[in-house]
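Engineer: Requesting a structural model of the entry that follows:
(2 chains)
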Amino acid sequence: AQSVTQPDIHITVSEGASLELRCNYSYGATPYLFWYVQSPGQGLQLLLKYFSGDTLVQGIKGFEAEFKRSQSSFNLRKPSVHWSDAAEYFCAVGAPTEYGNKLVFGAGTILRVKS
Amino acid sequence: ETGVTQSPTHLIKTRGQQVTLRCSSQSGHNTVSWYQQALGQGPQFIFQYYREEENGRGNFPPRFSGLQFPNYSSELNVNALELDDSALYLCASSHVARGAYEQYFGPGTRLTVT
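Structural biologist: Predicted structure coming up:
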């Protein structure tokens, strides 16, 4: 079965520092991979996606992620974190269902930004 | 372009009651998925609707049911509410032509069962 692991429950970085959030997935075929961000009490906003092609994908808000098939990873990065980036981040993999599809999410990583 | 909207924002129900949550898809989308997000967890897939039919279901009991309407809006119904049903319920819309994997989420409905 498909699964996503986000090893870090909490991460704290200083404003202006670089950020890397880890994501490992389990999926037999070429995966569709996503990163979403969730502010407290809010829905999920799509940051970026990987379907195929260039393994380094750019997203909104200055985020990027790199797909590494050999490591089954899709880590999220940002060169310089802003206080407004404090939120919870979810990695997800697309998976088929009986006639459709679904997203399988990791447990999330809470990002705290200190000034 | 209109995004995904959900109503109500918050809801408090008593154990054993029934609840209906509503979702309007993003314009141009024809597929709707529902997810349950318990506190401190990632979203869990409940089911997906396309052409007014359920085309996939997660590990949720039959008391979780849904509808999709001709305008692609959707409802999630939960019968015989249990305390563990307290969660944020998220609706997501997508377009089947793009494999429906690229899903856009609404703000969610916070359900509290007492």
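
Engineer: From chain A, how far off is residue B:39?
Structural biologist: Note on residue B:39: its distance to chain A, by C-beta to the nearest C-beta, to the nearest Å, is 11 Å. Any C-beta I mention is one placed from the backbone N, CA and C, and that applies to glycine too.

Engineer: how about the nearest residue to that residue, chain neighbours excluded?
Structural biologist: Using C-beta to C-beta, 6 or more residues apart in numbering or on different chains and skipping the chain neighbours, the partner closest in space to residue B:39 is residue B:87 (7.3 Å).

Engineer: now the one you found, which residues is it bridged with?
Structural biologist: residue B:111 (DSSP bridges).

Engineer: residue contacts, it?
Structural biologist: By C-beta atoms under 8 Å, 6 or more residues apart in numbering or on different chains, the contact set of residue B:87 is B:36, B:37, B:38, B:39, B:111.

Engineer: If I look at residue B:98, what pLDDT would I see?
Structural biologist: Residue B:98 carries a pLDDT value of 63.

Engineer: near chain B, which residues of chain A?
Structural biologist: A:4, A:32, A:34, A:36, A:41-46, A:49, A:51, A:90, A:92, A:94, A:97-108 (C-beta under 8 Å from any C-beta of the partner chain).

Engineer: Those in strands, which ones?
Structural biologist: A:4, A:34, A:36, A:44-46, A:49, A:90, A:92, A:94, A:101-105 (DSSP state E).

Engineer: Only whichever of the contacts of residue B:87 are buried, select them in ChimeraX.
Structural biologist: Filtering the contacts of residue B:87 down to the buried ones (16 or more other C-beta atoms under 10 Å in any protein chain shown) takes a single ChimeraX command:
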select /B:36,37,111
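
Engineer: how about the nearest residue to residue A:65, chain neighbours excluded?
Structural biologist: Closest to residue A:65 by C-beta to C-beta, 6+ apart is residue A:76, at 4.9 Å.

Engineer: can you check residue B:54 too?
Structural biologist: Per C-beta to C-beta, 6+ apart, closest to residue B:54 is residue B:47, 5.4 Å.
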